[in-house]
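Trainee: Got a predicted model here, sequence first, then my questions.
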Amino acid sequence: MLLKLGAAKAEEGRVYHLVEVQVPKPEQPVNAKTFTFSLRKDKLRQSVRSEGHYLLRSNLCGEDPAVLWRHYVQLTEIEAVFRALKNDLAIRPIHHQKDSRIEAHIFVSFLAYCLYVTLGQRLRALAPGLTARAVLEKMSALQMVDVRVPTTDGRLLILPRYTQPEKEHRMLLHELHLQLPAQPPPRIVQQEIEGVAEMKNL
């Protein structure tokens with residue numbers, strides 16, 4: 001019994017102190033008189049009053065509390081942006097050597113975040129309950145591939161194709177009023193030129 005009480009205390013954490021438990025002494029038997037528990041209504045009432053409230057402390061005593069609160073909300077929004085860039089958008093750190101590349105990286109990251117926020121707003125209006133992270137994880141199954149077929153005259157036929165969406169993908173696109181673009185047209189290139197282009201991309 002004591003082990004179970006200890007496990008319940010560890011699982012419930014701060015909620016455990018809302019219950020007053022009386023355990024029997026070592027020489028006493030375990031029955032309804034020696035083992036009792038009751039709800040501490042005073043502690044519960046105090047916990048309900050303080051639920052959803054927390055204290056924001058600052059050393060800027062001369063500032064207006066409303067201004068401090070707006071600054072704090074902006075800070076939480078900025079932290080949420082960085083979490084979205086690192087986790088949801090998976091924008092990994094890249095060490096550039098030129099200022100132009102740094103600016104381009106920041107610009108692309110900013111565009112990605114703008115699209116992420118736009119998707120979230122669209123979900124809020126058209127598909128409440130879904131998050132931008134959930135949609136990105138679901139749609140990540142759609143991949144863009146290049147089907148390469150060599151021709152008899154030594155050239156290369158490239159067929160860019162994206163994988164066909166599953167039923168759940170089609171339902172999600174329908175809810176968001178989105179439509180996948182048409183499959184890209186095929187193109188024929190020289191194999192030597194294509195190989196040079198691939199080396200340049202690497």
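Mentor: Good, I have the coordinates. Numbers count the residues shown, from 1 in each chain.
Trainee: Now do the helices in the chain.
Mentor: 2-12, 41-50, 65-83, 99-126, 132-139, 167-175, 191-201 (DSSP state H).
Trainee: domain ranges for the protein?
Mentor: Under the assignment automatic domain parsing, the domains of the chain span 2-50, 65-137, 143-201.
Trainee: So for residue 57, which of these sits nearest?
Mentor: Counting by Cβ to Cβ, residue 57 lies closest to domain 65-137 out of the domains of the chain; the figure is 10.1 Å. C-beta: built from backbone N, CA, C; applies to glycine.
Trainee: and the closest one, how far apart are its ends?
Mentor: End-to-end distance of domain 65-137 (Cα to Cα, to the nearest Å): 40 Å.
Trainee: returning to what we had before: tell me which of the domains of the chain lies nearest to residue 56.
Mentor: Of all the domains of the chain, it is domain 65-137 that lies closest to residue 56, at 6.1 Å by Cβ to Cβ.
Trainee: now the closest one: mean pLDDT?
Mentor: For domain 65-137, mean pLDDT rounds to 83.
Trainee: distance between that domain and the chain's centre?
Mentor: Put simply, domain 65-137 sits 10 Å off its chain's centre (Cα atoms, centre = their mean, to the nearest Å).
Trainee: Would you format the domains of the chain as JSON lines with mean neighbour count and distance to residue 56 included?
Mentor: Shown next, in JSON lines, are the domains of the chain (neighbours: other Cβ atoms under 10 Å; distance: least, Cβ to Cβ, whole Å):
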{"stretch": "domain 2-50", "mean neighbour count": "11", "distance to residue 56": "14"}
{"stretch": "domain 65-137", "mean neighbour count": "12", "distance to residue 56": "6"}
{"stretch": "domain 143-201", "mean neighbour count": "11", "distance to residue 56": "37"}
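Trainee: could these go into a markdown table alongside distance to residue 57?
Mentor: Formatted as a markdown table, those follow (distance: least, Cβ to Cβ, whole Å):
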| stretch | distance to residue 57 |
| --- | --- |
| domain 2-50 | 16 |
| domain 65-137 | 10 |
| domain 143-201 | 42 |
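Trainee: among those, which is nearest residue 58?
Mentor: Nearest to residue 58 among the domains of the chain is domain 65-137 (5.6 Å), distances taken as Cβ to Cβ.
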